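In: Fold the following and give me the result.
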Amino acid sequence: HMSAGRAFAATLAGTTVGLFTPNRTGEFVGRVLFLEPEHRGKGSFATLLGSIAQFVITIVLGGIAFILWWKLEGASQPIVPWWAITVSMLMAVVIAASLVLFYSPHLLRKIIMRIPLLRRFDRAASVLEGYSTSELSAVLGMSAARYAVFTLQYVLLLVVFAGVSWNSGIVIVPVIYLVMTLVPTMMLTDLGVRGSVAVALLVPASGSAAMVLLAAFLLWTINLAVPALSGGVILLVARIRARP
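Out: Sure thing, here's the model as predicted:
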C-alpha cells in the first residue's frame, strides 16, 4: 500500500523513464522505484497485467475503427483486399491470446518462467496469481477509460485546430493509436511517427498538414512532455531506498 501522492509521483516518474524506451515499455521501472525494495520485483510483474489490458483495449478499438475507416475510404471498392483481411485475422488472434493471458495469470506466469533469465524471479511472479476476475475486469475498465480520455483529447484538438469533423476524428484517431502501438518508437521518434501517421490519415479529412501536426504536437506535449519533465524533477528530489 502507498499514499495517493506517492502513487501519483511514481506514475510521473514512470513517464520520464518510459520516454527513453521503445513504445514507453520502461515506464514500470520508474514506477516500481517508489515501492519498497522488497516489493519491486512483484511490482514489476504486476505491471504486466496493466500493460496487457491497455494493449487489448487499443487493439480491439483500433481494429473496429480500422474496419470502419476502410469501409469509409474503400466504399467504392467492392472487394476487400487480401492485406486487410490478413491484418484483421491477425488482430483477432492477438486479441484472443491477450485476453486469455490477461484472465489466466497462472498461464502467463508459466510462460514467463520458461524464459531462462526470468526463472529466478518465480517467487516475485507469483503476484500474478493474486488477482480475482473482478479485479482484472476493473483494470480492463480503467484501461478503457484511459483510452477514452486520450481519444477525446486528440479528437477535440483536431476539431479545434485542424477542422476535422467529430465523426472522422472518432474513427481515425483509434487507427492512429493502433499503428503507434505496432510500430516501435522511442523519445522524439514517437512524435515523428505520430505526426507522420496523423498526416497520412487525417489530411484528406482536414486539408491542412500543418494543423494536423500542431494537434499531434500539443497532445504529445500535454500527455508526455509535461508529465515527463515533472517526473524528471521528482526523480531528482525523491528519496528512493536502494536496499531493504
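
In: Output the contacting helices and strands for the helix ranked longest in the chain.
Out: Of all segments of type helix in the chain, defined using DSSP state H, the longest is helix 40-73. If contacts are counted by 3 or more Cβ pairs under 8 Å, 6 or more residues apart in numbering; DSSP states H and E, helix 40-73 sits against helix 27-32, helix 82-103, helix 105-112, helix 122-125, helix 133-157, helix 166-182. In this view, the C-beta of every residue, glycine as well, is placed from N, C-alpha and C.

In: Least reliable of the ones you listed by average pLDDT, please.
Out: Sorting the helices and strands packed on helix 40-73 by mean pLDDT places helix 82-103 lowest, at a mean of 85.

In: So what's the gap between that helix and the chain middle?
Out: Centroid displacement of helix 82-103 relative to its chain, using Cα atoms, centre = their mean, to the nearest Å, is 17 Å.

In: Repeat that for stretch 131-142.
Out: 17 Å.

In: Equivalent analysis for stretch 101-117, please.
Out: 21 Å.

In: quick one: contacts for Leu191?
Out: Leu191 is in contact with 216-217, 220, counting by Cβ atoms under 8 Å, 6 or more residues apart in numbering.

In: Assign a three-state SS to Arg114, would you?
Out: coil (DSSP: H, G, I helix; E, B strand; the rest coil).

In: coming back round to it: now, the contacts of Leu191 that are in helices?
Out: Short answer: the contacts of Leu191 in helices (DSSP H) are 216-217, 220.

In: Report the buried residues of the longest helix of the chain.
Out: 40-50, 52-63, 65-70 (16 or more other Cβ atoms under 10 Å).

In: Now the residue nearest the centre of the chain. Nearest residue, chain neighbours left out?
Out: Centroid-nearest residue in the chain: Gln54, 5.4 Å away (criterion: Cα atoms, centre = their mean). Using Cβ to Cβ, 6 or more residues apart in numbering and skipping residues adjacent in sequence, the residue nearest Gln54 is Ser143, 4.6 Å away.

In: what does Leu107 give?
Out: Leu107 sits nearest to Leu101 (Cβ to Cβ, 6+ apart), 6.3 Å away.

In: Would you check that Leu61 makes contact with Tyr147?
Out: Yes: counting by Cβ atoms under 8 Å, Leu61 sits close enough to Tyr147 to count as a contact (6.5 Å).

In: Could you name every residue contacting both of those two?
Out: Counting by Cβ under 8 Å, 6+ apart, the residues touching both Leu61 and Tyr147 are Tyr177.

In: count of neighbours near Val171?
Out: Neighbours of Val171 under the rule other Cβ atoms under 10 Å: 22.

In: who touches it in this structure?
Out: Taking Cβ under 8 Å, 6+ apart, one finds 65, 68-69, 72 in contact with Val171.

In: try 6 Å this time
Out: Neighbour list for Val171: 65, 68-69 [criterion: Cβ atoms under 6 Å, 6 or more residues apart in numbering].

In: Any figure for the gap between it and Arg194?
Out: Computed with Cβ to Cβ, to the nearest Å, the distance linking Val171 and Arg194 is 17 Å.

In: Then Arg239?
Out: For Arg239, the distance to Arg194 (Cβ to Cβ) stands at 35 Å.

In: And for Phe102?
Out: When Phe102 is compared with Arg194 (using Cβ to Cβ), they lie 26 Å apart.
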